[in-house]
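Participant: With the input below, show me the fold.
(one chain, ligands or ions: 2)
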Amino acid sequence: MEQEKGILIVLSGPSGVGKGTVRKAIMKRDDHKLHYSISATTRKPREGERDGVDYFFKSKEEFQRMIQNNELLEWAEYVGNYYGTPVKYVNDTLTEGKDVLLEIEVQGALQVKTHFPEAVFIFLVPPSLAELQERIVNRGTEAEHMVKHRMLAAREEIELMDKYDYVVVNDKVDDACDKIKAIIIAEHLRKERIYYKYKKMLEVE
Ligand SMILES: Nc1nc2c(ncn2[C@@H]2O[C@H](COP(=O)(O)OP(=O)(O)O)[C@@H](O)[C@H]2O)c(=O)[nH]1
Ligand SMILES: Nc1ncnc2c1ncn2[C@@H]1O[C@H](COP(=O)(O)OP(=O)(O)O)[C@@H](O)[C@H]1O
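Facilitator: Ligands and ions are numbered 1, 2, ... in the order given. Reported below is the predicted structural model:
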């Protein structure tokens with residue numbers, strides 16, 4: 001029997017909502033069922049970040065070559081740097097029947113929709129805008145005027161949430177992980193139901 005493809009899960013949401021934090025927590029507790037797609041970026045590595053683990057760190061020229069050679073499923077410019085998803089890993093892993101997780105910002109997430117309309121789109125939201133601002137400030141990576149800029153961007157990003165299949169509030173990291181895991185289980189059940197329905201139909205005809 002042909003190997004059934006895995007599910008592509010796209011986790012997105014406004015900057016500072018906790019996408020990276022929730023993604024790392026899910027991967028940590030996951031028993032190798034989810035496969036995280038490591039992105040390429042032109043951003044310089046932060047302390048402790050490793051090439052091929054956190055990101056594939058690229059020069060601008062290397063990144064542009066990847067775009068030209070159609071090596072990226074999606075890409076976006078974000079705060080002065082480029083970020084993109086290598087398409088080969090995603091295709092190969094899904095074909096092996098494994099689920100793939102992308103953690104990407106909103107412009108890229110919407111591009112994925114045009115190539116993989118069947119992917120599962122999850123939008124992470126903060127419990128409130130005040131809490132979002134606090135998270136951005138506490139992270140300490142933004143200058144004061146950039147916090148305002150990020151908050152304005154976040155408002156526009158949150159307006160895109162109706163384009164997603166699921167909206168998950170990142171109140172407590174553990175609860176957000178539970179909800180995302182539940183969504184993945186439900187999506188598998190849904191896919192299996194559709195799969196068997198068609199299989200039966202083909203057997204009858
Ligand atoms: N479109 C797109 N966005 C990405 C990709 N990889 C990471 N991002 C997003 O880029 C943004 C900046 O990431 P990063 O520089 O690691 O900073 P931080 O996540 O804000 O701490 C985040 O919103 C990530 O979700 C990718 O492959 N494609
Ligand atoms: N559920 C949560 N409760 C409180 N703080 C959180 C939560 N999730 C993330 N954070 C904090 O919010 C900040 C932004 O999280 P991060 O994962 O970098 O966001 P993003 O990847 O969406 O930009 C970090 O300082 C992180 O520790």
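
Participant: how close does the residue nearest to V137 when sequence neighbours are not counted get to ligand 2?
Facilitator: Among residues not flanking V137 along the chain, V147 sits closest, at 5.9 Å (Cβ to Cβ, 6 or more residues apart in numbering). Heads up, the C-betas are built off the backbone N, CA and C, glycines and all. Distance from V147 to ligand 2, counting by Cβ to the nearest ligand atom, to the nearest Å: 12 Å.

Participant: Run through the residues that contact V147.
Facilitator: By Cβ atoms under 8 Å, 6 or more residues apart in numbering, the residues touching V147 are 133, 136-137.

Participant: now swap in K60 and tell me
Facilitator: Neighbouring residues of K60 by Cβ under 8 Å, 6+ apart: 42, 82.

Participant: change it to 10 Å
Facilitator: Residues counted as contacts of K60 (Cβ atoms under 10 Å, 6 or more residues apart in numbering) are 42, 81-82.

Participant: Equivalent analysis for Y195, please.
Facilitator: By Cβ under 10 Å, 6+ apart, the residues touching Y195 are E4.

Participant: which stretch of helix or strand covers the closest residue to I184 other than its chain neighbours?
Facilitator: Distances taken as Cβ to Cβ, 6+ apart put I9 closest to I184, at 6.3 Å, once the chain neighbours are dropped. Assigned by DSSP states H and E, I9 belongs to strand 8-12.

Participant: Give me the angle between the very next helix or strand once past that strand and strand 8-12.
Facilitator: Moving toward the C-terminus from strand 8-12, the first helix or strand encountered (DSSP H and E) is helix 19-29. Here helix 19-29 runs at an angle of 140 degrees relative to strand 8-12 (axes from the mean of the first three to the mean of the last three Cα atoms, to 10 degrees).

Participant: related to what we said a few turns ago, ligand 2: which of the contacts of K60 is nearest?
Facilitator: N81 (13.5 Å; Cβ to the nearest ligand atom).
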